[in-house]
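Q: I would like to see how this sequence folds:
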Amino acid sequence: MPTIHVKTTKSYPVIIEAGALGRIAEFLLPLHPPCRVVLLSDDTVFPLYGTVLAAALEKAGYRPFCLMLPAGEAGKNWTVLGGLLEQLAEAGITRGDLLLVLGGGSACDVGGLAAALYHRGMDVVYFATTLLAGVDAAIGGKTAVDLPAGKNLAGVIRQPNAVIIDPNCLGTLSRAALADGMAEAIKTGVLAGGELWSLVSAAQPDYPAILTGCAAYKAQVVAQEENDAGGRLFLNLGHTIGHAVERHSHYALSHGQAVAIGLAAMARAGAAQGWCTAAGPIEAALQQCGLPLHYCCRPEDLLPYLWSDKKRLGEELTAVLPYAIGDCRLQKMTKPELLQLLQAGL
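A: Next up is the predicted model:
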């Protein structure tokens, strides 16, 4: 499969290769000479792949040091991040060593932030094991932990040295985890339109093709605008409402489920207000993956979480509006306008 190059300030490859897990040295050695490697994973993923990856690292001359995170959002907070940094320091890890994150989006988020902070920056590579991480979270350099006020409110944008994706890892994912990844893939398809929309809305998903298509699209967007201040804002489609729903549910909803609800709600609001022509196809694509389309709460209860979103500047928040498949637009909205959107879409 082709290697995708993310041409940001610090360019790096996204390597999508079946069997990459056992061939890790083939991809790491051109990027970083043998050293101590902090193999950071979570308590769900490490039992599946950690031992195999550590053995492959040792065989190539690397010296793995394994650290574990709680899985999911439970691992994305100041306490976990602080503990991780302390462990790096106690182990004598240096800036010349490498942090290798093995896992999904949450592990990449907190691992990437730890790499950015430790010794003011050490090299990091993401080995993405979930569909959600492969199509979106591992690419683009966003790192974060959650705060009580909202999701992903503390972090930096710092690009990794590489992203490695082994499509064979998708074989151990549950149907729910695959659906989570498809929520992000469908979001990307709505943005891109054309062939990518056909891929993500197909009744039988071709996951390797979806990985490649979504990764290529995101690489193109991030290369044009790296810092989430212009064109990259489009990638937040579905996330403004989605993050609010996720936080309001106390993370009982997964990220993919919340994004699906956010995307569907935005499309329904657009249909009700007369500017979206794609609500039906968007909801159908999400629904065939088994994703939720609705969330029961008062719009007024969700509004504070929307208003704490990172995309708010002063008294306006930039929302991404899906007018049609392949036609999304940025719109600055006031707090009353956001409430109207929620009332029309939830």
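
Q: SS state for residue 323?
A: Following DSSP: H, G, I helix; E, B strand; the rest coil, residue 323 is assigned to strand.

Q: domain-wise, how is this structure divided?
A: Structural domains assigned to the chain are 4-173, 223-345, following automatic domain parsing.

Q: of those, which is nearest residue 189?
A: With distances scored as Cβ to Cβ, the stretch of the domains of the chain nearest to residue 189 is domain 223-345 (7.5 Å). (Glycine included, C-beta is placed from N, CA and C.)

Q: and the closest one, how far apart are its ends?
A: 32 Å (Cα to Cα, to the nearest Å).

Q: show me the strands in the protein, by range?
A: Remark: strands assigned in the chain by DSSP state E are 4-6, 12-16, 36-42, 63-69, 98-103, 123-128, 145-147, 150-154, 162-165, 312-313, 316-324, 327-333.

Q: shouldn't residue 187 be in contact with residue 234?
A: No - at 9.8 Å, residue 187 does not count as touching residue 234 under the criterion of Cβ atoms under 8 Å.

Q: gap between the residue nearest to residue 57 when sequence neighbours are not counted and residue 194?
A: Leaving aside its chain neighbours, residue 57 sits nearest to residue 64 (4.7 Å; criterion: Cβ to Cβ, 6 or more residues apart in numbering). Remark: distance between residue 64 and residue 194 (Cβ to Cβ, to the nearest Å) = 42 Å.

Q: give me the more crowded residue out of the two.
A: Per other Cβ atoms under 10 Å, whichever of residue 64 and residue 194 has more neighbours is residue 64, with 17 against 11.

Q: what's across from that one in the sheet?
A: In this entry, residue 64 is beta-bridged to residue 37, by DSSP bridges.

Q: just the one 4 residues further on next, same as before
A: Residues in a beta bridge with residue 68, per DSSP bridges, are residue 41.

Q: same question for residue 13.
A: Counting by DSSP bridges, residue 13 forms beta bridges with residue 5.

Q: isn't it right up against residue 162?
A: Yes - the criterion here is Cβ under 8 Å, and residue 13 meets it with residue 162 at 5.3 Å.

Q: what about these two, which has more around it?
A: With neighbours defined as other Cβ under 10 Å, residue 13 and residue 162 compare such that residue 162 has more, 23 against 18.

Q: which regions of the stretch 151-300 of the chain lie under the pLDDT threshold?
A: Scanning the stretch 151-300 of the chain for pLDDT under 70 picks out nothing.

Q: pLDDT wise, what is residue 309 at?
A: At residue 309, the model reports a pLDDT of 85.

Q: quick one: contacts for it?
A: 150, 240, 243, 244, 317 (Cβ atoms under 8 Å, 6 or more residues apart in numbering).

Q: again, but for residue 12
A: Neighbouring residues of residue 12 by Cβ under 8 Å, 6+ apart: 5, 6, 159, 160, 161, 162, 163.

Q: same thing but 7 Å
A: 6, 159, 160, 161, 162 (Cβ atoms under 7 Å, 6 or more residues apart in numbering).

Q: can you count the residues close to the spatially closest residue to the second one that is not a sequence neighbour?
A: Nearest-residue entry for residue 159: residue 141, 4.0 Å, with adjacent residues in sequence omitted and distances by Cβ to Cβ, 6+ apart. Residues lying near residue 141 (other Cβ under 10 Å) number 22.

Q: burial of the residue nearest to residue 214 when sequence neighbours are not counted, as a residue count?
A: Excluding the flanking residues, the one nearest residue 214 by Cβ to Cβ, 6+ apart is residue 135, at 3.7 Å. Residue 135 has 31 neighbours, counted by other Cβ under 10 Å.

Q: isn't residue 135 up against residue 185?
A: Yes - between residue 135 and residue 185 a contact is recorded at 4.8 Å, counting by Cβ atoms under 7 Å.

Q: which neighbours do these two share?
A: With Cβ under 7 Å, 6+ apart, residue 135 and residue 185 have common neighbours 210, 214.

Q: what is the burial count for residue 292?
A: Residue 292 has 18 neighbours, counted by other Cβ under 10 Å.
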